[in-house]
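1. predicted model, plus sequence, below.
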Amino acid sequence: MRRTAAVAALAAATAAGLLAPMQTASAQQRTDPPGLAKYEQQKVRWEKCGVKGLDEAGARCASIRVPLDYSRPDGQTLTIGFSRIKATDTRHRIGLMMHNSGGPGGPTLDMPLGSKAAMGEKLAARYDLIGMDPRG
């Protein structure tokens, strides 16, 4: 079930615009179960995180709703939290780097802080650093 939730979170993050848009199959070729549109059309609101360290680093946090089971999009749902520290060199931005410790354990919203320090400013300047709380 954890793996399903993680896959669901990643798919929902893509659908919600957290991840860089990717060219996908045309609408006629899609095999998504009916009912996923409400997840794909979510508006993400980035706000202060209220987490020591993240707010000081300029991070913003958001959450999205995802189905617990993508084959049953009208069933139970989860709320997945994300943090983002934007790339500082937007002209040369490459994309994003998503962080998840792999668990089990606590949320990884603050992982971008340690990753930014470990990667160095030059690399961190070119990627949006994304942390997530896969457990909601």
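-> Thanks, I have the structure now. Just so it is clear, the structure is predicted and the values come from calculations on it, not from any experiment. Numbers count the residues shown, from 1 in each chain.

2. surely His92 is in contact with Arg126?
-> Yes: when contacts are counted by C-beta atoms under 8 Å, His92 is listed as touching Arg126 (5.5 Å). In short, each C-beta sits where N, CA and C put it, glycine included.

3. host element of the nearest residue to Pro112 once chain neighbours are set aside?
-> In space, and not counting its chain neighbours, Pro112 is closest to Leu129: 3.5 Å by C-beta to C-beta, 6 or more residues apart in numbering. Counting by DSSP states H and E, the secondary-structure element that holds Leu129 is strand 127-133.

4. where does the chain have low pLDDT?
-> Low-confidence segments of the chain, defined by pLDDT under 70: 1-32, 101-107, 135-136.

5. would you map the strands across it?
-> 60-67, 77-85, 95-99, 127-133 (DSSP state E).

6. could I get those as TSV with distance to Lys52?
-> As requested, the strands of the chain are exported to TSV (distance: least, C-beta to C-beta, whole Å):
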stretch	distance to Lys52
strand 60-67	13
strand 77-85	12
strand 95-99	18
strand 127-133	14
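
7. just those: most buried one?
-> Greatest average neighbour count among the strands of the chain goes to strand 127-133 (a mean of 23), per mean count of other C-beta atoms under 10 Å.

8. partners of that strand in the sheet?
-> Sheet pairing of strand 127-133 (DSSP bridges) gives strand 77-85 (antiparallel), strand 95-99 (parallel).

9. closest to Arg45 out of these?
-> strand 77-85 (11.2 Å; C-beta to C-beta).

10. quick one: residues contacting Asp110.
-> Contacts for Asp110 (C-beta atoms under 8 Å, 6 or more residues apart in numbering) come out as 51, 53-54, 83, 131.

11. now for these: which two are most distant?
-> Gly53 and Gly131 (11.0 Å).

12. circling back to that earlier point, higher neighbour count, His92 and Arg126?
-> Arg126 (17 against 9; other C-beta atoms under 10 Å).

13. and the closest residue to that one other than its chain neighbours, how far from Lys122?
-> Using C-beta to C-beta, 6+ apart and skipping residues adjacent in sequence, the residue nearest Arg126 is Ile94, 4.7 Å away. As for Ile94, its distance to Lys122 is 12 Å (criterion: C-beta to C-beta, to the nearest Å).
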